[in-house]
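Novice: Requesting a structural model of the entry that follows:
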Amino acid sequence: NMDKLRTTVEGSAQQAQRAGKAITQKLEMLSVDLAEAEAFDLNAEIRRVVEHAKAELGLHFVAELRLAEKPCMVLANRLHVQKVMLNLIQNSSEAMQAARVASPAIAIGVRAKRGEGLAQITVRDKGPGFKAGDGEHLFRPFFTAKSKGIGMGLVISRSLIEANGRQMLTLSRETPGATAHLTLPAPGRE
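Specialist: From the prediction side, this is the model:
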């Protein structure tokens, strides 16, 4: 049956193109600048990343920013932080879109953890979250909870964060949604 064969081949070609695009995006994420850590204001950087996610990536969500009252200086590779934040925001946005959340919102908070020399970023969405049993697998290569994912975004994100020293990326399950916590060195904190 030539019609069935044509449909199958066209479907395979579309899937191959989708996979190629996803792999290209992840490879771009890996092509990180090896610049050393620099001091920058985390509040200002998060505002820039959110604006980029909306304007350049076309993501649709309400950003509920709960930033630190004063400038929150951190010492990290700025490009790494940008890429990780964009990945987390994109994951949240896509999860809410797939779940058809009526009012998609992403809450992003920043707080200094005084005495520990750290700043913490929290990214929380109102999506479906992830299955209870998936939590331990989310950072394994090629494991994905998304229908169109390849399972490398969180793996790369965690690697980028951990490459900068005592930084950490964790996920927790909420009802509704999911929450990511990211810690960055904040030198000079009391």
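
Novice: which residues does residue 105 contact?
Specialist: By CB atoms under 8 Å, 6 or more residues apart in numbering, the contact list for residue 105 reads 61-64, 125-126. All C-beta atoms are positioned from the backbone trio N, CA, C, and that covers glycine.

Novice: Any idea what it is bridged to?
Specialist: residue 62 (DSSP bridges).

Novice: So which of the contacts of residue 105 is surrounded by the most neighbours?
Specialist: Using other CB atoms under 10 Å as the neighbour criterion, residue 125 leads the contacts of residue 105 with 28 neighbours.

Novice: Excluding chain neighbours, what is closest to that one?
Specialist: residue 92 (3.6 Å; CB to CB, 6 or more residues apart in numbering).

Novice: which SS class is the one you found?
Specialist: helix (DSSP: H, G, I helix; E, B strand; the rest coil).

Novice: Please report the distance of it from residue 82.
Specialist: 16 Å (CB to CB, to the nearest Å).

Novice: Would you map the strands across the chain?
Specialist: Using DSSP state E, the strands found in the chain span residues 38-41, 62-66, 73-76, 105-113, 118-125, 168-173, 178-185.

Novice: Out of those, which gets nearest to residue 86?
Specialist: Of all these, strand 118-125 sits nearest to residue 86, with 10.8 Å by CB to CB.

Novice: hmm, back to that, looking at the strands of the chain, which has the lowest confidence?
Specialist: When these are compared by mean pLDDT, strand 168-173 comes last with a mean of 62.

Novice: so where's the chain uncertain?
Specialist: Residue ranges of the chain with pLDDT under 70: 15-35, 131-156, 158-175, 188-190.

Novice: Can you show me the helices along the protein?
Specialist: For the chain, applying DSSP state H gives helices covering 2-30, 42-55, 78-98, 153-162.

Novice: that older thread, verify the stated contact: the residue nearest to residue 125 with residue 176.
Specialist: No: at 11.6 Å, residue 92 does not count as touching residue 176 under the criterion of CB atoms under 8 Å.
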